[in-house]
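Colleague: Sequence plus the predicted model coming up.
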Amino acid sequence: MNTILIVDDEPKIVRLARDYLEKNGYRVVTAADGQSALIVARREKPDLIVLDLMLPVLDGREVCKILRRESDVPIIMLTALAEEVDQIMGLEIGADDYITKPFSPRALVARVRAMLRRIHGEVRLPAIIRTGSLEIDTQKYLVTLNGRPVQLTPNEFKLLTLLAGHLGQTLTREQLLEDMHGNASAIDRSVDSHVKNLRKKLEADSNSPSIETVYGIGYRFVEQK
């Protein structure tokens, strides 16, 4: 589980960002001023830092400069200043990306996920995914259940591959939407609709894996016992 450090002196912003990041499977630690940010960063060694530009005690620019001398941790600068000069300055002192206030928490989650993917690399799914009586050929776009072909739409195939490739793991609706469509702004219920159709096509066979609903979060793919 990746750890994200959120540094901001506005409790409402910290709470909002923390709630959305935790909902998407991240561990979150926080700090309300620049000095505390350095202490928490050195202790927790986060995988990514969301750093406000305007901070008490020590501002975000100084924190970023110090962190850059100590590590290459990805930094997303968070600022209410929209002027280009401030954005350029943030990047020049070592920030990897920036997002301006007010911001969409979903957009923040998407930026965090994209940044971690660029840093750590995309995880490739195997060419063949087998689980129970189900087999998915991710290169030929073929699905068979007990040796019989299953006809899926492109979105159903993509969703099934995502879930089966992370067997037993809960994937949030936001994660699934982003991986399916490239963003998390699509209508949330579209995932539910695809899941409903997949269940009809797969779960007629009692030995096939099932898609479980994790209420309020998303879905996970599990093998029948």
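Modeller: It's in.
Colleague: Tell me the strands beside the strand or helix carrying R220, with direction?
Modeller: Applying DSSP states H and E as the criterion places R220 in strand 218-222. Each strand paired with strand 218-222, and its direction, by DSSP bridges: strand 171-172 (antiparallel), strand 210-214 (antiparallel).
Colleague: Can you add mean pLDDT and mean neighbour count and give these back as JSON lines?
Modeller: Every residue, glycine included, has its C-beta placed from N, CA and C. As requested, the strands paired with strand 218-222 are exported to JSON lines (pLDDT from 0 to 100; neighbours: other C-beta atoms under 10 Å):
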{"stretch": "strand 171-172", "mean pLDDT": "83", "mean neighbour count": "21"}
{"stretch": "strand 210-214", "mean pLDDT": "89", "mean neighbour count": "15"}
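Colleague: residues touching V7, list them.
Modeller: Residues near V7 by C-beta atoms under 8 Å, 6 or more residues apart in numbering: 30-32, 34, 36-37, 49-52, 55, 60, 63.
Colleague: want to throw those residues into JSON lines with distance to E92 and neighbour count?
Modeller: Formatted as JSON lines, these follow (distance: C-beta to C-beta, whole Å; neighbours: other C-beta atoms under 10 Å):
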{"residue": "T30", "distance to E92": "26", "neighbour count": "18"}
{"residue": "A31", "distance to E92": "23", "neighbour count": "24"}
{"residue": "A32", "distance to E92": "26", "neighbour count": "18"}
{"residue": "G34", "distance to E92": "18", "neighbour count": "23"}
{"residue": "S36", "distance to E92": "25", "neighbour count": "18"}
{"residue": "A37", "distance to E92": "20", "neighbour count": "27"}
{"residue": "I49", "distance to E92": "17", "neighbour count": "28"}
{"residue": "V50", "distance to E92": "19", "neighbour count": "28"}
{"residue": "L51", "distance to E92": "15", "neighbour count": "28"}
{"residue": "D52", "distance to E92": "18", "neighbour count": "25"}
{"residue": "L55", "distance to E92": "19", "neighbour count": "22"}
{"residue": "G60", "distance to E92": "13", "neighbour count": "23"}
{"residue": "V63", "distance to E92": "15", "neighbour count": "27"}
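Colleague: Relative to R130, which of the strands paired with strand 218-222 is closest?
Modeller: strand 210-214 (15.9 Å; C-beta to C-beta).
Colleague: what about that closest one, distance to the chain center?
Modeller: Distance of strand 210-214 from the chain centroid (C-alpha atoms, centre = their mean, to the nearest Å) equals 19 Å.
Colleague: And stretch 157-164, by the same measure?
Modeller: Distance of stretch 157-164 from its chain centroid, counting by C-alpha atoms, centre = their mean, is 16 Å.
Colleague: cool, stretch 74-81 as well?
Modeller: On C-alpha atoms, centre = their mean, the centre of stretch 74-81 falls 18 Å from the chain's centre.
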